[in-house]
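Undergrad: need coordinates for the below:
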Amino acid sequence: MSELVDRIEADVVGRRREIELVVSALLADRHVVLEGPPGTGKSTLLRTVAKELGVGFEFVEGNAELTPARLVGHFDPARVLAEGYDPEVFVDGPLTTALRDGALLYIEEINRVPEETLNVLITVMSEGELHVPRLGHVPAAPGFRLVAAMNPFDAIGTARISGAVYDRVCRVAVDYQSADDEAAITERAADGPTLDPAWIGQVVDLVRRTRQHPDLRVGSSVRGAIDMVAVAESLGEVRAVSPDDAGVSLDAALVALSGRVRLREGTTRSAEDIVRELWQAVFEPAETAPGGAGKATAPTGATTG
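TA: The predicted model follows:
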C-alpha cells in the first residue's frame, strides 16, 4: 500500500493524505467524491489513482446537458428499425460500460449534473445494477465504483448534492496546497529550465493573494501561476527580455489572472485594477509601502488599460 501511495504522490504534489484516503476507500469498495475549489488537483489525483490501481476508467463531464440517456446509452434507431430491440443494437453509455467492465466511472463536476441523472446514479449505487427498458438488467461487475469531483456548491452553475448521494459515497475534502507545493507544481509545468525559483515563488505568492483580496469573491487556482509563467516566457522572447522583466511580468499577470478572478458584488474596481495592485505589492513592495513614493506606476512596456 505504501509503495502504491508513493508512486501516486510522484505525480500528484502535496496530496499524500488525500491519496491515502482515496486509495483506502476504493480498496474498501466504496464510492468516492472529492470536493474542493477548482485547480486543486482533484481530476489529476483520481486519474492517477486509477492508473496505478490498474483499473478501467470511464470519464464523464458533468454538466446540465448530461441526460440519463447520455449516461446510460441508447438503442441505435437505424438498427432498431432493421433488427428490433435486440441487445446487440444497444450502444452503451459510460455508466453501462463501467458496470460491464468493473471500471471506475469518473464524473467531473458532479454537482452540475441534472437531478434526474443523479437519480440514476443513486439507484446504481444502492442496488449494484442498472435496469434499462427493453434491454433488461445490467449488473455491476466486481470493481465498479463511482468516483466524482465537485466544486463548492456556491460556484456558478453548481447545485447542492442531495443527502441521498452523500449517504452513498465517501467524501474527501480537498483544499489549496501549500505555497511550497504550488511553487513545485508551477516549476514542474514551466518550460524554461533556468527560471529563477525565487521569481516563481513571487508568482505563486501573487496568485495566492487573489484568494484573500476583499474585493474578490473567487481567486485564482495554481493554474493562474502556471499560465503566468508560460505567458511571461513567451512574451519575454517577443520583447527580447527576461521573463522576470517588470513589464513582461505585469502583462503576463494581467493576461493569466484577470479572467480567472471573480469580483464581489458592489465593487467598483476592475479585475485588472486588482491584479495590478497585487502585482505591485509582490514585485515592487518598496514603491507601494507606506511612506514611500506613493502608488507605483505600470512598468515600461506594460499594459495600462
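
Undergrad: next, count neighbours for the closest residue to residue 188 other than its chain neighbours.
TA: Across the structure, with C-beta to C-beta, 6 or more residues apart in numbering as the measure, the residue nearest residue 188 apart from its sequence neighbours is residue 13 (7.3 Å). (Glycine included, C-beta is placed from N, CA and C.) Burial of residue 13, expressed as a neighbour count using other C-beta atoms under 10 Å, amounts to 21.

Undergrad: kindly report the same for residue 204.
TA: Each residue near residue 204 was counted by other C-beta under 10 Å, and the total is 28.

Undergrad: going forward, count from 846.
TA: Sure, I'll start counting at 846 from here, so that last one is residue 1049.

Undergrad: hang on, it packs against residue 1071?
TA: No - the pair formed by residue 1049 and residue 1071 falls short of the contact definition of C-beta atoms under 8 Å, at 9.8 Å.

Undergrad: which neighbours do these two share?
TA: Shared contacts of residue 1049 and residue 1071 (C-beta atoms under 8 Å, 6 or more residues apart in numbering): residue 1031.

Undergrad: is the residue nearest to residue 1033 in a helix, a strand, or coil?
TA: The three-state label given to residue 858 by DSSP: H, G, I helix; E, B strand; the rest coil is coil.

Undergrad: and the gap between it and residue 1100?
TA: For residue 858, the distance to residue 1100 under the criterion C-beta to C-beta, to the nearest Å works out to 25 Å.

Undergrad: do residue 884 as well
TA: Using C-beta to C-beta, one gets 17 Å for the distance from residue 884 to residue 1100.

Undergrad: which residues does the helix ranked longest in the chain contact?
TA: With residue count as the measure and DSSP state H as the assignment, the chain has helix 1067-1084 as its longest helix. The set of residues that contact helix 1067-1084 without belonging to it, under C-beta under 8 Å, 6+ apart, is 883-885, 1021-1022, 1027, 1030-1031, 1034-1037, 1040, 1045, 1048-1049, 1051-1052, 1055, 1087-1090, 1092-1094, 1096-1098, 1100-1102, 1105, 1146.

Undergrad: repeat that for 7 Å
TA: Surrounding helix 1067-1084, the residues in contact under the criterion C-beta atoms under 7 Å, 6 or more residues apart in numbering are 884, 1027, 1030-1031, 1034-1037, 1040, 1045, 1048-1049, 1052, 1087-1088, 1090, 1093-1094, 1096-1098, 1100-1102, 1105, 1146.

Undergrad: mind checking how far the residue lying farthest from the centre of the chain is from residue 913?
TA: The C-alpha centroid of the chain is most remote from residue 927, which lies 43.9 Å away (C-alpha atoms, centre = their mean). Per C-beta to C-beta, residue 927 is found 25 Å from residue 913.
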